[in-house]
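Enquirer: here you go, sequence then predicted model.
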Amino acid sequence: MKAKVRRRYLALKIDSSEKFDSKEFMEAVWNTLLRLFGEYGASKAGLTLIDYDVEKGLAVIRAAHTEVEKVRAAIASITEINAKPVAVHVLTISGTLKTLRRKLRTTA
Amino acid sequence: MKRRFADLHLQPNLDNLEQTRAMIMKASKLGYSLVAVPLPTVSTENFAQKLRATCHEAKVDFASRLDLKPKTAKELLHQLRRFRRKVEIIAVICDSKAVARQAAKDHRVDILNFPTVDPRRRFFDKAEAELASNSLAALEIDVKPLITLKGPAKIRFISTLRREAAIAKDFHVPIVVSSGATSELFMRKPLEMAALASLFDLDKPTALNAVSKTPLTIVKRNREKLSPNFIAPGIRLVRKGSDCP
């Protein structure tokens, strides 16, 4: 029997004075992941954008639970989006969206 | 108990007070409880006092650090004699093999830092590690080049770090992972630093210790040594004069 796919939800904060749309942001995440771990590694990450707030610079992405450390390393390696300097930080990680949002509310 | 994190290598431009303050505030926000900033060799105590005040405001602990960049082994010995008792952390920037070897075997050195990304100019090999394992020196790895380099240079750098980390592990040389950040944008959270350390094959507990336990131990050990009650390792003055029964 196939094991259930376990996922992790990551809340991210884009640290920049500029604003980027979700497409630009995800392109930067994918490019960094691809550069660091190659197509094979990136394919295992199971990255999906769940939520994106342009104004607050907040994003929620989903990743396979086994690849969380790789995704975290890739996100830490982002230094620019659209040739503008940025830093992206992981605010919190959770197994469900409900808990993630609760954690975000308590840390805010 | 909650793990405490330290970044021993913030590199703001000390003449730019605004930037220095912003970086210390950022470190506090990112979850560090201790930061160290390399101080200039002139008016060291002056700068240390200013930074200590800023750190107090940001609610982070401050450790004074001096980066020695000697050209020869003899110059290193001279600088160690001059500065060892003045700061909490002594790091040696190893630009030559002779300096690297001398720094590795001297128990007054806390941190060995290899600033270049060129694998031929990084002298952390088995001989260096063996010397360092007999003293108290730790290998410092800055993550800044890891996030700024691109392409083949980054590949070579990760490969070099992987080799150095494996040697350090074999010879039980502690590893300290620091940011080496020159601006706020190069600062990362402690867990992100640990994740970046996984790129050069540090396992998770070692990577976490490299940003928490190892740097904190270095600072604690040196604070004890600099304390007026310290006599020798393991011997401390507890009572004096009329305090003695």
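Expert: In hand now; what should we look at?

Enquirer: find the centremost residue of chain A, please.
Expert: Residue closest to the average C-alpha location in chain A (C-alpha atoms, centre = their mean): A:I61, at 4.6 Å.

Enquirer: you'd agree that one is in a strand?
Expert: Yes. Residue state for A:I61 (DSSP: H, G, I helix; E, B strand; the rest coil) corresponds to a strand.

Enquirer: let me see the mean pLDDT of stretch B:66-83.
Expert: Stretch B:66-83 shows a mean pLDDT of 94.

Enquirer: same question for stretch B:197-204.
Expert: The average pLDDT within stretch B:197-204 is 94.

Enquirer: tell me the span between the first and last residue of it.
Expert: 8 Å (C-alpha to C-alpha, to the nearest Å).

Enquirer: is chain A within reach of it?
Expert: Yes. Residues of stretch B:197-204 contacting chain A under C-beta under 8 Å from any C-beta of the partner chain: B:S198, B:L199, B:K204. Glycine gets a C-beta too; all of them are placed from N, C-alpha and C.

Enquirer: related to what we said a few turns ago, and the pLDDT for the residue nearest to the centre of chain A?
Expert: A:I61 is given a pLDDT of 97.

Enquirer: cool, the one 5 residues further on as well?
Expert: What the model reports for A:T66 is a pLDDT of 94.

Enquirer: ok, it - how many residues close by?
Expert: Neighbourhood size, A:T66 [other C-beta atoms under 10 Å in any protein chain shown]: 13.

Enquirer: export the one helix or strand B:T54 maps to as PDB, just CAs?
Expert: Assigned by DSSP states H and E, B:T54 belongs to helix B:44-58. Below are the C-alpha coordinates for helix B:44-58, written out as PDB (Å, rounded to 0.1, in the frame of the first residue of the first chain):
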ATOM      1  CA  THR B  44      38.700  48.700  20.800                       C
ATOM      2  CA  GLU B  45      37.000  49.400  24.200                       C
ATOM      3  CA  ASN B  46      35.400  52.500  22.900                       C
ATOM      4  CA  PHE B  47      33.700  50.700  20.000                       C
ATOM      5  CA  ALA B  48      32.800  47.800  22.300                       C
ATOM      6  CA  GLN B  49      31.000  50.100  24.800                       C
ATOM      7  CA  LYS B  50      28.900  51.600  22.000                       C
ATOM      8  CA  LEU B  51      28.000  48.200  20.600                       C
ATOM      9  CA  ARG B  52      27.200  46.900  24.000                       C
ATOM     10  CA  ALA B  53      24.800  49.700  24.600                       C
ATOM     11  CA  THR B  54      23.100  49.100  21.200                       C
ATOM     12  CA  CYS B  55      22.900  45.400  22.000                       C
ATOM     13  CA  HIS B  56      21.400  46.100  25.400                       C
ATOM     14  CA  GLU B  57      18.700  48.200  23.700                       C
ATOM     15  CA  ALA B  58      18.100  45.300  21.200                       C
END
